[in-house]
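Q: sequence first, predicted model second:
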Protein chains: 2
Amino acid sequence: MSPKEKIEISTEEKIKITARQVFLKKGFAATRTRDIAEEAGINLALLNYYFRSKAKLFEIIMTETLSSFVGSIQKVLNNEETTLEEKISQLAASYIDLLKSEPEIPTFLVTEIRNNPKELKSKFPLGQKILQSRFYEQYQEAYQQGKVKEAHPLHFMLNLIGLIVFPFVAKPLLMEVSEVGQEQFETVMEERKRLIPLWLKAMMETE
Amino acid sequence: MSPKEKIEISTEEKIKITARQVFLKKGFAATRTRDIAEEAGINLALLNYYFRSKAKLFEIIMTETLSSFVGSIQKVLNNEETTLEEKISQLAASYIDLLKSEPEIPTFLVTEIRNNPKELKSKFPLGQKILQSRFYEQYQEAYQQGKVKEAHPLHFMLNLIGLIVFPFVAKPLLMEVSEVGQEQFETVMEERKRLIPLWLKAMMETE
DNA sequence: GTCTATAGGGGGATAGAC
DNA sequence: GTCTATCCCCCTATAGAC
């Protein structure tokens, strides 16, 4: 490749990128391969040439999306240099940034897992990874030192993730049903980067 | 109708009940009218005889589900006899009870609104109803008295609803990805009836 | 590799008998 | 009202030319 050469995206890559957008937006069932082909500016036959079937293509997208999602979080969870509080702040900030750039991810995952709950666990032992993380260790330490009041860590995890993710799940409904617009939503999410760690601290000290 | 007569469900009603279950579980796009007919123990043609089309049937289900959902909440929001704190407790308790009996509702609403964001607003001016509620009035009073620290009420609403609803949205993923089972989930949700009001109070006093 | 044309099947809807 | 049989469209997938 000469240095002058324009960076061209291969047809295969173009299909994948487009497919990702469409699948994220509409979900597997509601997506037609024609939508993808059209939007990618290629012929429908090419999609099958490269990926054999809609299902295969979808599985690739799904796996890659989950991998990068899980991977990005694991780095934070297992950082040996940071305290529990710092990890919470980092999680809130990086999660929110990620979801601001791809707000459809939570709804996408929720609907696709509903329709196909199988095989996820074996591929992504997420629960296990959390339980084995430095993050979880630090949480347990805090609990033993009496800094955390509520016994069941499930509450803590639900609260941490829910406070971050739920607004994105509720966003379409919220924007439809109220006067909240895109700009205001983003402002509020920026504020939450700061607020969520404070809230969680206050919640953890409550019984 | 003689008093002795068994209470028989009309075919129309039977279709509607079944359709509701299937739609809630799989969503509009992934549901086949054949699924509904089969599970209702009737013939496919009957479905169209009574409801003309899949879309019409779906719209009826959707409207009724939303109506009862919204209605049940409005009663709590506009109760003149209760304080803000009591309303929060009641909302948590009755919402959680409702969702324990029909846990698919949140995911259902989220996915269907994504696929069809139109017309919801006009039919259910939910945002407006909240802003005009006694509940919201009391929240504003609390804010003016300095009991609530954070300026934007959107945070408060997102937190209130998110703490209640998010676990149900995350439930399929949670149960797939961890060792949490149905029983444990229900126990945790019962605890949250008590905890959410406490947490919210603590959060509201945090800046 | 990329296209056109078409096969093949599934699913929503209807005609018409009972 | 309820059924069987069937239509027909839409969508996925493939065959085959270029």
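A: Sure thing, it's come through.
Q: in the helix or strand of chain A with the lowest mean pLDDT, which residues are buried?
A: When the helices and strands of chain A are scored by mean pLDDT, DSSP states H and E, helix A:120-123 comes last with a mean of 74. Neighbour counts using 16 or more other CB atoms under 10 Å in any protein chain shown place A:120-121 of helix A:120-123 among the buried residues. From N, CA and C alone the C-beta is placed, and that goes for glycine too.
Q: remind me what it packs against, helices and strands.
A: Secondary-structure packing of helix A:120-123 (3 or more CB pairs under 8 Å, 6 or more residues apart in numbering or on different chains; DSSP states H and E): helix B:153-177.
Q: please repeat the previous calculation with a cut-off of 10 Å.
A: helix A:54-77, helix A:105-115, helix A:126-131, helix B:153-177 (3 or more CB pairs under 10 Å, 6 or more residues apart in numbering or on different chains; DSSP states H and E).
Q: to B:Asn48, which of those lies closest?
A: Counting by CB to CB, B:Asn48 lies closest to helix A:105-115 out of these; the figure is 25.1 Å.
Q: quick one: the closest one near DNA strand C?
A: No. Figure legend: helix A:105-115 not in contact with DNA strand C (CB under 7 Å from any atom of the strand); closest approach 12.9 Å.
Q: and that helix, average pLDDT?
A: The pLDDT scores in helix A:105-115 average 93.
Q: kindly format the C-alpha coordinates of that helix as PDB.
A: Provided in PDB are the C-alpha atoms of helix A:105-115 (Å, rounded to 0.1, in the frame of the first residue of the first chain):
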ATOM      1  CA  ILE A 105     -26.900  -0.400  23.000                       C
ATOM      2  CA  PRO A 106     -28.800  -1.000  26.200                       C
ATOM      3  CA  THR A 107     -32.200  -1.400  24.500                       C
ATOM      4  CA  PHE A 108     -30.600  -3.500  21.900                       C
ATOM      5  CA  LEU A 109     -29.100  -5.900  24.400                       C
ATOM      6  CA  VAL A 110     -32.300  -6.000  26.400                       C
ATOM      7  CA  THR A 111     -34.500  -7.000  23.500                       C
ATOM      8  CA  GLU A 112     -32.100  -9.500  21.900                       C
ATOM      9  CA  ILE A 113     -31.500 -11.300  25.200                       C
ATOM     10  CA  ARG A 114     -35.200 -11.500  25.700                       C
ATOM     11  CA  ASN A 115     -35.600 -13.100  22.300                       C
END
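Q: list the contacts for A:Arg192?
A: Neighbouring residues of A:Arg192 by CB atoms under 10 Å, 6 or more residues apart in numbering or on different chains: A:92-93, A:96, A:163-164, A:167, A:199, B:155, B:158-159.
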